[in-house]
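Chemist: coords please:
(2 chains)
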Amino acid sequence: MIESVPNHQPEIRLETCIREVSDTKEHRDLFLHKIFEKDPKEGMTILFRTYYVPLCSHAVRFVYSKQIAEDLVSEVFFQFYRSEAYKDIRISYTSYLFRSVRNEAFSYLNREFGRTMGLEVYSENVPFSGQHLPDMEVHYNHLLKTVNDLVAGLPSQCRKVFLMNRFENKKYQEIADELHISPKTVEVHISKALKILRQKLKGEWLGVLLLLSW
Amino acid sequence: MAGGTVTALLVINGLSISTWNDTYKMDSHITKQLIFNYLSGQATPIEIQQVDEWLNDPVHLDTFYEYLFEWEKTNAQFRPDFEAALNRFWEKEASSFTQPEAVASPIAHPEELSVRHNWLARFIWVAASVLVLLGTGYLNRDKFLYETIKTGYGEIAVHTLPDGSKVVMNANSVLKWYRFSSIQKQREVWLEGEAEFSVIHTNDHQRFLVKTPNDFVVEVLGTEFSLFSRNRGTKVVLNSGKIRVNYQKDGKPTQLTMKPGELLTMDKTGNLQLKTTESPEEHQSWRERRFVFDRTPVKDICHLLEENFGVTVLASGEEIARKTISGNFKTETADELLDILREVLNLETNVRNDTLFLQHRSPL
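Modeler: Residues are numbered from 1 along each chain as shown, chains lettered A, B, ... in the order given. Have a look, this model is predicted:
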């Protein structure tokens, strides 16, 4: 028991440190900045602890899949570390990470739901380059609401099946067993949900694409 | 149209530590509760309109994201295991360290999101880095000795140097200066990339020197000029005032004085050319995100795409590389410029290994 104490001490101290400074973002950012200067690996650990769950939660509101949300967020963290972006960061980590996750979620949705609408030409050419238009925040927020309303507006059984398959990553057969319906019915529900999403999101893309290509 | 974008960008660039306190202060009518309602879809149309307008001012973005963070913390849709995610992260990091090509290649991790690795995806990363403009040193040793400013691909930034001189930096450029310049007798900055300087005259007649990686030094007294220094060569255009250029010729230091309206170019091999330019403003067209071409070969435009946007573009064959374009094009992005190439020269692009190849349009 006594021997294990020194091992745990630094861990505990960092935790309390985070808790203490997290009241104001200025302090949290300065703290993270210092940690990253000293030990980027430690910095990443703290970033995961602080931001992983909220970022995944935010991503899932766009992509409606736990798996994809986690993949997107992990990729953001990975690029952040690999490109050593933490060395240059002079503004809020919160803004940086959330903004990156939103960009990723948006381009994911664009590929996933824009492609079948014959928009691949556009999606390849979207000038998604250096600039981040300020309007994008508003568009992302509206997109968030649109996706939310669309899923909420699905017929209840259809929504249930869709969430089980997509959000919880369950297989058709599992869902069929659980709801006592045939796998064929599961498939019909899911393709119906996806069709609605594609149709309704098309207008949303066009709005964003127009904004980007003016 | 596009001018508005540039301005907004510069505002974002301007966000730095010193503005944090200001940005955290709120417009009185936009409260945390209102943002929470907005996020959870419970705001009225009037409130939504108000928040949207508020968000269009980049100054408010940090506050918005701070609220978003807090909202997600208290309204998490699910609770993934961050420890497991962290472990996967280190595993991936370790494997990418031993085989770096495994990460760069889109087929190396088929189970991952395969969509990540095209060159557009890289752009999205650049989009995120708009936030990270005022970077410190790019070498650790330099970090202490030098103050450094950098622009990413597609970004233009205006900066005031410690002495009050102004510099407008083009995309993908690095400018640094000695941190302890107050003990120096002259002002010195180092440039890699492209920038326009507007130098002010100091009371004690301090010299202002701009140095480039290839031993090329521009010496100034109260002047406006622009300097281009990238891998493929160096270029100086003088608007007003007088500058002296020091360079190496056959290993010997050599001097040359430039008058307004003159254009000096030096290619990779060190060949120097001084000529008078009728339109010095053409060389500063990048300031307005404008490209001025005058029988400019495709080969040179490929260089511009790489330097300004980080996109590798190659002409398939000498014939295409030698085709030329003339005109004055306002483009914000690599894609707009590529569209011009495609349309004017009737070409198409193919992506292979992160490189875009320009080729003749197939008959179909």
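Chemist: so what secondary structure elements neighbour the lengthiest helix in chain B?
Modeler: Secondary structure of chain B per DSSP state H: the longest helix is helix B:82-98. Helices and strands touching helix B:82-98, by 3 or more CB pairs under 8 Å, 6 or more residues apart in numbering or on different chains; DSSP states H and E, are helix A:40-63, helix A:66-82, helix B:100-104. C-beta: built from backbone N, CA, C; applies to glycine.
Chemist: For residue A:150, find the nearest of these.
Modeler: Of all these, it is helix A:40-63 that lies closest to residue A:150, at 11.6 Å by CB to CB.
Chemist: So, low pLDDT: which residues of the stretch 101-250 of chain B?
Modeler: B:101-145, B:180-184, B:221-223 (pLDDT under 70).
Chemist: lowest average confidence, helix or strand, in chain A?
Modeler: helix A:120-125 (a mean of 35; mean pLDDT, DSSP states H and E).
Chemist: what residues does the next helix-or-strand element following that one touch?
Modeler: On the C-terminal side of helix A:120-125, the closest following helix or strand by DSSP states H and E is helix A:135-152. Helix A:135-152 is contacted from outside by A:61-62, A:64, A:102, A:106, A:109, A:159, A:162-163, A:193, A:196-197, A:200-201, A:204, A:207-208, A:211, B:38-39, B:41, B:51-52, B:55-56, B:61, B:64, using CB atoms under 8 Å, 6 or more residues apart in numbering or on different chains.
Chemist: Quick check, the residue in the stretch 51-200 of chain B closest to chain A?
Modeler: For the stretch 51-200 of chain B, the residue closest to chain A is residue B:154, as judged by CB to the nearest CB, at 2.3 Å.
Chemist: State the pLDDT value of the residue nearest the centre of chain A.
Modeler: Centroid-nearest residue in chain A: residue A:59, 2.1 Å away (criterion: CA atoms, centre = their mean). pLDDT for residue A:59: 95.
Chemist: quick one, what contacts it?
Modeler: Counting by CB under 8 Å, 6+ apart, residue A:59 makes contact with A:68-69, A:72-73, A:101, A:104-105.
Chemist: Reformat those as a markdown table; add neighbour count and distance to chain B.
Modeler: Rendered in a markdown table, the data for the contacts of residue A:59 read as follows (neighbours: other CB atoms under 10 Å in any protein chain shown; distance: CB to the nearest CB, whole Å):
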| residue | neighbour count | distance to chain B |
| --- | --- | --- |
| A:68 | 23 | 8 |
| A:69 | 27 | 8 |
| A:72 | 28 | 7 |
| A:73 | 29 | 8 |
| A:101 | 24 | 9 |
| A:104 | 28 | 7 |
| A:105 | 26 | 11 |
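Chemist: export the residues you listed to a markdown table and tack on distance to residue A:35 and pLDDT?
Modeler: A markdown table is the format used below for these (distance: CB to CB, whole Å; pLDDT from 0 to 100):
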| residue | distance to residue A:35 | pLDDT |
| --- | --- | --- |
| A:68 | 29 | 91 |
| A:69 | 26 | 94 |
| A:72 | 24 | 93 |
| A:73 | 20 | 95 |
| A:101 | 21 | 93 |
| A:104 | 24 | 87 |
| A:105 | 27 | 88 |
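Chemist: Can you say which of the contacts of helix A:135-152 are buried?
Modeler: Neighbour counting with 16 or more other CB atoms under 10 Å in any protein chain shown marks A:61-62, A:64, A:102, A:106, A:109, A:159, A:162-163, A:193, A:196-197, A:201, A:204, A:208, B:38-39, B:51-52, B:55, B:61, B:64 as buried within the contacts of helix A:135-152.
Chemist: from the residues you listed, which ones fall inside helices?
Modeler: A:61-62, A:102, A:106, A:109, A:159, A:162, A:193, A:196-197, A:201, A:204, A:208, B:38-39, B:51-52, B:55, B:61, B:64.
Chemist: Just list the residues touching the nearest residue to the residue nearest to the centre of chain A once chain neighbours are set aside, thanks.
Modeler: Excluding its sequence neighbours, the residue lying closest to residue A:59 (CB to CB, 6 or more residues apart in numbering or on different chains) is residue A:69, at 3.8 Å. Residues in contact with residue A:69, defined by CB under 8 Å, 6+ apart, are A:56-57, A:59-60, A:63, A:105, B:80.
Chemist: Can you say which two of these are spatially most distant?
Modeler: Within the contacts of residue A:69, two members stand farthest from each other by CB to CB: A:105 and B:80, at 15.0 Å.
Chemist: Looking at the contacts of residue A:69, which is nearest residue B:331?
Modeler: For the contacts of residue A:69, the nearest to residue B:331 is residue A:105 (27.5 Å; CB to CB).
Chemist: ok, residue A:144 - how many residues close by?
Modeler: Counted by other CB atoms under 10 Å in any protein chain shown, the residues lying close to residue A:144 total 18.
Chemist: circling back: now list the buried members of the contacts of residue A:69.
Modeler: Restricting the contacts of residue A:69 to buried positions leaves A:56-57, A:59-60, A:63, A:105, B:80, with burial counted as 16+ other CB under 10 Å.
Chemist: angle of the host helix or strand of residue A:34 against helix A:40-63?
Modeler: Here residue A:34, judged by DSSP H and E, is contained in helix A:25-38. Angle, helix A:25-38 to helix A:40-63, by axes from the mean of the first three to the mean of the last three CA atoms, to 10 degrees: 130 degrees.
Chemist: could you give the mean pLDDT of helix A:25-38?
Modeler: For helix A:25-38, mean pLDDT is 81.
Chemist: Please apply the same query to stretch B:54-71.
Modeler: Rounded mean pLDDT across stretch B:54-71 is 88.
Chemist: And stretch A:163-182, by the same measure?
Modeler: For stretch A:163-182, the mean per-residue pLDDT is 91.
Chemist: End to end on it, go ahead and measure it.
Modeler: Using CA to CA, to the nearest Å, the span of stretch A:163-182 from its first residue to its last is 17 Å.
Chemist: Mind listing what's buried along it?
Modeler: For stretch A:163-182, burial by neighbour count (16+ other CB under 10 Å) applies to A:163-167, A:170, A:172, A:175-176.
Chemist: Can you list the neighbours in contact with that stretch?
Modeler: Residues from elsewhere that reach stretch A:163-182 (CB under 8 Å, 6+ apart): A:60, A:64-67, A:151, A:157, A:160-161, A:183, A:185-187, A:190, B:78.
Chemist: Going through the residues you listed, which ones are buried?
Modeler: Going by neighbour count (16+ other CB under 10 Å), those have A:60, A:64-66, A:151, A:161, A:186, A:190 buried.
Chemist: Tell me which other helices or strands the biggest strand by length in chain B touches.
Modeler: Longest strand in chain B by number of residues, with DSSP state E as the criterion: strand B:187-198. Helices and strands touching strand B:187-198, by 3+ CB pairs under 8 Å, 6+ apart, are strand B:166-169, strand B:174-178, strand B:208-212, strand B:224-230.
Chemist: hey, what's the closest residue to residue B:283 other than its chain neighbours bridged with?
Modeler: Computed as CB to CB, 6+ apart, the closest residue to residue B:283 that is not its neighbour in sequence is residue B:237, at 4.2 Å. Using DSSP bridges, the bridge partners assigned to residue B:237 are residue B:226, residue B:263.
Chemist: quick one, which of the helices and strands packed on strand B:187-198 is packed in tightest?
Modeler: Of all those, strand B:224-230 has the most neighbours on average by mean count of other CB atoms under 10 Å in any protein chain shown, namely a mean of 23.
Chemist: check contacts around the nearest residue to residue B:264 once chain neighbours are set aside.
Modeler: Counting by CB to CB, 6+ apart, the nearest residue to residue B:264 once its immediate chain neighbours are dropped is residue B:236, at 4.5 Å. By CB under 8 Å, 6+ apart, residue B:236 lies in contact with B:218, B:225-228, B:243, B:245, B:258, B:263-264.
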